[in-house]
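Student: Dropping a prediction and its sequence here:
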Amino acid sequence: MCSRVAIAIVVLVGTAAGCTGPNPAYTREPDANLEPADTGPRSPAEDAQRGDEAAPPLPFDGGSPMETAPPAPDADRDAAAPDDTDAPGGPGADGSPPAVDVAADLPPDGPPPPPAEGLLAHFAFEGGTSGTVGGETESATLRNGAAVVSGGAPTAEPNTTSIRLDGNNDYVDLPASAAPRAEAPKTIAVWFRNLSTSPRLRNMVALFHPTQDVGVQLGWEDDRVAWWRYGDENPIITSRTATTDQDWHHAAYTYDGSRHLVYLDGVEVGSSNVQMMPGLIEVARLGTYDGSDEMFEGQLDELRIYDRPLLAAEIARLAQRF
Ligand SMILES: [Ca+2]
Ligand SMILES: [Ca+2]
């Protein structure tokens with residue numbers, strides 16, 4: 001009798017955890033200091049930042065406890081388990097476990113999925129360079145030592161790796177088809193860790209045409225996230241908020257055809273109504289525009305490009321940390 005009850009409790013609790021319980025990969029604390037796994041040269045200061053990496057949590061294996069622990073064949077217990085959630089808690093008269101209370105204590109559902117409507121390109125940089133462009137699988141191209149390294153942005157989805165750029169000559173090319181036309185409505189969203197120091201302008205995402213001088217760039221001016229038109233000498237939008245730490249943050253740029261907005265960590269930090277010159281985009285690039293200037297040093301992750309301006313709430317969802 002006692003052993004049957006014990007098995008029943010294990011089965012019920014195990015089933016609840018296996019079906020809807022928190023996934024350890026979703027609930028981990030963000031670790032801004034996760035160590036890149038590349039083997040390239042580093043500065044002593046950079047090395048000093050490293051060394052506290054924890055192994056990324058293993059994803060939950062999804063196994064069903066019901067398949068390995070047979071339910072107790074106790075007809076009395078089954079009959080005693082009430083179907084409505086208003087039943088009083090505590091063991092039943094025959095000692096059966098409070099099955100309904102276990103279900104009532106389940107955590108609420110997780111966050112909604114990232115916005116899918118209008119998603120033109122998505123590069124999650126999870127264990128490799130493949131992403132999706134227009135629903136097809138495409139690959140990013142790593143240049144000059146750019147690498148996929150351990151330590152992903154603290155997103156809701158399991159995320160264990162990102163792109164590491166050395167600030168010297170590393171960059172990443174994406175398929176040009178990942179970008180809408182220069183003057184078209186769009187959203188660019190990306191997680192970043194900025195480890196750059198000296199250069200005034202640094203590029204995170206550049207979508208442009210190299211000879212027609214049209215396009216957009218999302219990057220940095222000194223210690224502030226900034227946006228500018230390709231070919232401009234100075235940023236048009238510079239964040240009202242400085243970012244001086246080296247933690248993960250989220251940056252986004254939206255354009256509805258007339259108004260440009262820049263978001264930092266899900267909050268609008270600047271806007272402009274400057275006009276866009278029309279034109280096709282031929283280069284989609286991370287970390288620089290030309291391969292040698294405005295070099296970004298740090299990590300980039302979860303790049304998303306949409307063919308529409310996401311709403312503020314949608315940007316906030318992408319920037320939510322877990
Ligand atoms: Ca990632
Ligand atoms: Ca390099």
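Tutor: Noted; the coordinates are in hand. Keep in mind that what you see is a predicted model, and the values were worked out from it rather than measured. Numbers count the residues shown, from 1 in each chain. Ligands and ions are numbered 1, 2, ... in the order given.
Student: Tell me the residues on the stretch 1-150 of the chain that lie near ligand 1, please.
Tutor: Selection of the stretch 1-150 of the chain residues close to ligand 1 by Cβ under 5 Å from the ion yields 124-126. Using the backbone N, CA and C atoms, a C-beta is placed for each residue, glycine as well.
Student: Of the residues you listed - the most surrounded one?
Tutor: Counting neighbours by other Cβ atoms under 10 Å, F125 leads these with 27 neighbours.
Student: Can you give me the distance of that residue to F192?
Tutor: 12 Å (Cβ to Cβ, to the nearest Å).
Student: Quickly list what's touching both of the two.
Tutor: Common neighbours of F125 and F192 (criterion: Cβ atoms under 8 Å, 6 or more residues apart in numbering): 300-301.
Student: looking at it, T187 is touching L311, isn't it?
Tutor: No - here T187 does not reach L311: they are 9.7 Å apart, not a contact under Cβ atoms under 8 Å.
Student: So the two - more neighbours on which side?
Tutor: Applying other Cβ under 10 Å to T187 and L311 shows that T187 carries more neighbours, namely 27 against 12.
Student: Specify the beta-bridge partners of that one.
Tutor: T254, Y306 (DSSP bridges).
Student: How about the contacts made by it?
Tutor: 118, 252-255, 304-306, 308-310, 315.
Student: Local confidence estimate at it?
Tutor: pLDDT for T187: 98.
Student: ok, now F322?
Tutor: For F322, the predicted pLDDT is 86.
Student: For it, grab the count of nearby residues.
Tutor: Neighbours of F322 (other Cβ under 10 Å): 15.
Student: hang on, P114 packs against I315?
Tutor: No - contact status for P114 versus I315: not in contact, 10.6 Å apart, counting by Cβ under 8 Å.
Student: Just want to know which of the two has more residues nearby.
Tutor: More crowded of P114 and I315, by other Cβ under 10 Å: I315, with 26 against 18.
Student: OK, contacts around that one?
Tutor: Here I315 is in contact with 187, 189, 252, 254, 263, 266 (Cβ under 8 Å, 6+ apart).
Student: Which one (most neighbours) among those?
Tutor: That'd be A252 among these, by other Cβ under 10 Å, with 30 neighbours.
Student: Need the per-residue pLDDT for it.
Tutor: 98.
Student: that's a helix at A313, yeah?
Tutor: Yes - the assignment for A313 by DSSP: H, G, I helix; E, B strand; the rest coil puts it in a helix.
Student: E268 versus that one, what's the distance?
Tutor: Taking Cβ to Cβ, one finds A313 at 12 Å from E268.
Student: the more surrounded of those two?
Tutor: Between A313 and E268, counting by other Cβ under 10 Å, E268 is the more crowded of the two (16 against 9).
Student: residues in contact with the more buried one?
Tutor: Per Cβ under 8 Å, 6+ apart, neighbours of E268: 261-262, 312.
Student: Buried ones among those?
Tutor: Buried members of the contacts of E268, counted by 16 or more other Cβ atoms under 10 Å: 261-262.
Student: Using a markdown table, lay out the contacts of E268 together with pLDDT.
Tutor: Listed next are those as a markdown table, based on pLDDT from 0 to 100:
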| residue | pLDDT |
| --- | --- |
| L261 | 98 |
| V262 | 98 |
| A312 | 98 |
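Student: Out of the contacts of E268, which comes closest to ligand 2?
Tutor: V262 (28.3 Å; Cβ to the ion).
Student: List phi and psi for the closest one.
Tutor: Here the main-chain torsion angles of V262 (degrees, to the nearest 10) amount to phi -120, psi 140.
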